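> Can you look at this prediction? I've put the sequence above it.
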Amino acid sequence: MTDAFRGSVAIVTGGTSGIGLGLCEELLRRGAYVYVVGSRESSVAKAREQFSRYPNARYAVVDVKENAAVEKVVGDCVAEFGRLDYMFNNAGISQSFPYERATLEVWKDMIDTNLWGVIYGVNAALGVMKGQGSGQIVNTSSFAALFCTPYQPVYATTKSAVIALTRSLRYEYEPQNIIFTVICPGNVATPIFQGEIPPDAITVDEAVRIILDGVSKKELMIVFPEYYANLYEMCKDPAVSDKAMKMHAAEKREHFRQSPE
Ligand SMILES: NC(=O)c1ccc[n+]([C@@H]2O[C@H](COP(=O)([O-])OP(=O)(O)OC[C@H]3O[C@@H](n4cnc5c(N)ncnc54)[C@H](OP(=O)(O)O)[C@@H]3O)[C@@H](O)[C@H]2O)c1
């Protein structure tokens, strides 16, 4: 069977760390041309070193909060390859804290990164994909959006919007052969946790395998790992959801009582 990704052209934002870094490596290994995108010179330089054996890798320093920068990397990609097959809008930031710490600056930074960053990526990729009559846009949300996780209201709000945007556009652009997919990971062991990896976290390799499998099948929502997919199904029952949310909130309340900072 031919690999859907071989010879394809992809951009991965947040490609310098965690899930995005893993996605870049696997796509490169499978023979895709990949733009590895990070926000900092240093993280992009590190990825360049790590992927030095892949002549099919390209690199860009792009702050996804800047529309012009996102448009530029898409433009550079099309100038070189003449097309864009996969746009992974994966860059994101996360925080968990009691709501009183959610200053307007925190709100703005998270909305700019997690939501505007995705909107800019969607718009720039759509401009190319409409012209070529094909393409797949893969936006990273989170299980936190499906669960509306207590003590993560800002993050859950931005990631819920990413689901809404993706689901809505999927059905608008289906007739134009442009596929929209949204990823909703549970815990994956990455630097996003700043060293405090949750015990139930799966590895990046496992996450990448699940994501690329779902992307190649053109799935709408990729919810994983299995435990979270099952929890998502169970929480469609309001009584189960209410109980699960109360339990999670109680755990978090205790956590922040013990370590207030
Ligand atoms: N890990 C999990 O358990 C988990 C669960 C659910 C959802 N997610 C989502 O999955 C995505 C990847 O998360 P991760 O765990 O792999 O995180 P990570 O290891 O912290 O990586 C985040 C990536 O995003 C990039 N980034 C952050 N701000 C940016 C900006 N303004 N412009 C461009 N790039 C920016 C970072 O690049 P630089 O280092 O160059 O700044 C880095 O490459 C995020 O959207 C996250 O919300 C993760």
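Good, I have the coordinates.
> In the sheet, which strands lie alongside the longest strand along the chain, parallel or antiparallel?
In the chain, with assignment by DSSP state E, the single longest strand is strand 178-185. Here the strand partners of strand 178-185, with direction, are listed using DSSP bridges: strand 135-140 (parallel), strand 221-224 (parallel).
> Next secondary structure after the last one?
Which is strand 221-224. From strand 221-224 onward toward the C-terminus, using DSSP states H and E, the following helix or strand is helix 226-234.
> by contact count, what packs against that following helix?
Contacting helix 226-234 under the criterion 3 or more C-beta pairs under 8 Å, 6 or more residues apart in numbering; DSSP states H and E are the following elements: helix 143-147, strand 178-185, helix 238-258. Placement of C-beta: from N, CA and C, glycine included.
> any idea how far residue 119 is from the closest residue to residue 31 other than its chain neighbours?
Of all residues beyond its chain neighbours, the one nearest residue 31 is residue 6 (4.1 Å), with distances taken as C-beta to C-beta, 6 or more residues apart in numbering. Distance, residue 6 to residue 119, by C-beta to C-beta, to the nearest Å: 30 Å.
> Comparing these two, which shows the higher neighbour count?
With neighbours defined as other C-beta atoms under 10 Å, residue 6 and residue 119 compare such that residue 119 has more, 17 against 10.
> now the helix or strand where the more buried one lies and strand 178-185, what's the angle there?
When secondary structure is defined using DSSP H and E, the element that contains residue 119 is helix 117-132. Counting by axes from the mean of the first three to the mean of the last three C-alpha atoms, to 10 degrees, helix 117-132 points 150 degrees away from the direction of strand 178-185.
> what's the distance between stretch 85-92 and the middle of its chain?
Here the centre of stretch 85-92 is set off from its chain's centre by 7 Å, with C-alpha atoms, centre = their mean, to the nearest Å.
> cool, and stretch 253-261?
Averaging C-alpha positions (C-alpha atoms, centre = their mean) puts stretch 253-261 28 Å from its chain's average.
> what does stretch 28-35 give?
With C-alpha atoms, centre = their mean as the basis, stretch 28-35 stands 18 Å off its chain's centre.
> which outside residues touch that stretch?
3, 5-12, 15, 24, 27, 51, 54, 56-60, 73, 76-77, 81, 86 (C-beta atoms under 8 Å, 6 or more residues apart in numbering).
> just to revisit the earlier point, let me know which of the strands paired with strand 178-185 is tucked in deepest.
Per-stretch averages of neighbours, counted by mean count of other C-beta atoms under 10 Å, single out strand 135-140 among those, with a mean of 24.
> Quick check: pLDDT value at residue 1.
Note on residue 1: pLDDT of 57.
> quick revisit: any chance of the helices and strands packed on helix 226-234 in CSV, plus mean pLDDT and distance to the ligand?
Compiled in CSV, the helices and strands packed on helix 226-234 are given as follows (pLDDT from 0 to 100; distance: least, C-beta to the nearest ligand atom, whole Å):
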stretch, mean pLDDT, distance to the ligand
helix 143-147, 95, 6
strand 178-185, 98, 4
helix 238-258, 93, 15
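> Same list, those, but as a markdown table with mean neighbour count and distance to residue 129 please.
Converted to a markdown table, the helices and strands packed on helix 226-234 look like this (neighbours: other C-beta atoms under 10 Å; distance: least, C-beta to C-beta, whole Å):
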| stretch | mean neighbour count | distance to residue 129 |
| --- | --- | --- |
| helix 143-147 | 22 | 24 |
| strand 178-185 | 23 | 5 |
| helix 238-258 | 12 | 36 |
